[in-house]
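In: Pasting the sequence and the predicted model now:
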Amino acid sequence: MRYFPLMVDTKDKKVLIVGGGKAAAIKIQGFIDSSFLFYCLAPAFCDDLIALAGTYPERIFLKEKKVDADFRFFAYDYFIVATDDEALNAALLRRAKAASVPVLSTSDPASSDFHMASVLRRGPLAVSISADNPTVSKYVKADMEEFLSRYDEEKLFEMNRIRRLLVERKSAHISEIMEELWNDEKISKNYGESFDET
Ligand SMILES: C[C@@]1(CC(=O)O)C2=NC(=C\c3[nH]c(c(CCC(=O)O)c3CC(=O)O)Cc3[nH]c(c(CC(=O)O)c3CCC(=O)O)/C=C3\N/C(=C\2)[C@@H](CCC(=O)O)[C@]3(C)CC(=O)O)/[C@H]1CCC(=O)O
Ligand SMILES: NC(=O)c1ccc[n+]([C@@H]2O[C@H](COP(=O)([O-])OP(=O)(O)OC[C@H]3O[C@@H](n4cnc5c(N)ncnc54)[C@H](O)[C@@H]3O)[C@@H](O)[C@H]2O)c1
């Protein structure tokens, strides 16, 4: 598997996006559940992107600017190239690689350092779907959403709270207790507080 699902820390991380059309909007929307900050440069932005930036003014920054092949960038953690000018996209991709900044070109996935997956959440659970075909991913995501609705969100949060307590207490039985709770129909809210391993 050349592109492998991975969990990366997005806190305080900056993504530069050049281009402000449909592709840029799809990528930012796909990342919106992260903590990334988005800096987007283009001479003009599509309505979806303007609406998204209106909803997240503290995370999405749109700057009207036409970029050329000599564009220099620094202090960004990731780069998404999303203009409709393929030659410009290719030049920016080369620059990013030379600067060792992980880059995704929306017009050249095969030369990109990362791809986007379709991601869905249920409480603390994150599921990543990738089929090398965004249409297939979209439909599998819809099926998966229905499948995940059988999991009790509160129970998942509660199990994690208890697990954190057990980790803090350096319990030797974390996985056994987690297995027990998973198989329990209902878990008591104050399980962790009253918990005594001995
Ligand atoms: C899954 C999702 C995640 C996300 O981006 O958040 C995603 N694309 C999504 C949507 C979407 N993408 C496109 C449209 C039509 C737009 C229109 O109408 O014009 C729509 C909208 C739709 O389908 O509704 C067009 C498109 N996509 C790619 C190309 C270039 C090419 O293939 O060469 C083209 C242009 C050619 C074409 O038009 O096909 C390439 C890629 N797109 C990927 C991911 C990567 C691997 C996907 C995988 O492994 O499955 C990959 C390979 C690289 C990357 O960009 O990361 C997200 C689903 C959202 C969801 O979660 O519901
Ligand atoms: N990977 C994906 O998910 C995905 C999705 C849709 C489209 N695409 C591909 O991405 C590319 C872009 O498609 P689109 O539908 O977003 O096009 P678009 O026409 O909607 O948007 C192009 C954007 O690039 C900007 N732009 C043009 N020249 C620029 C420059 N010199 N500097 C800065 N910004 C500039 C435009 O102002 C516009 O905002 C195409 O190759 C398309 O096939 C990929």
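Out: That came through, no problem. Ligands and ions are numbered 1, 2, ... in the order given.
In: How about the residues of this structure by ligand 2?
Out: 18-24, 26, 41-46, 66-67, 82-85, 88, 106-107, 134 (C-beta under 6 Å from any ligand atom). All C-beta spots, glycine's among them, are computed from the backbone N, C-alpha and C.
In: ok, residue 60 to ligand 2 distance?
Out: Residue 60 sits 14 Å away from ligand 2, going by C-beta to the nearest ligand atom, to the nearest Å.
In: check contacts around that residue.
Out: Listed by C-beta atoms under 8 Å, 6 or more residues apart in numbering, the contact set of residue 60 reads 28, 37, 38, 40, 49, 52, 53.
In: if we go to 10 Å?
Out: Taking C-beta atoms under 10 Å, 6 or more residues apart in numbering, we find residue 60 in contact with 15, 17, 28, 32, 36-40, 49-50, 52-54.
In: where along the chain do the helices fall?
Out: For the chain, applying DSSP state H gives helices covering 22-30, 47-55, 86-98, 134-148, 153-168, 174-183.
In: Let me have the ones you listed in TSV, adding mean pLDDT as columns.
Out: Formatted as TSV, the helices of the chain follow (pLDDT from 0 to 100):
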stretch	mean pLDDT
helix 22-30	98
helix 47-55	98
helix 86-98	97
helix 134-148	96
helix 153-168	95
helix 174-183	94
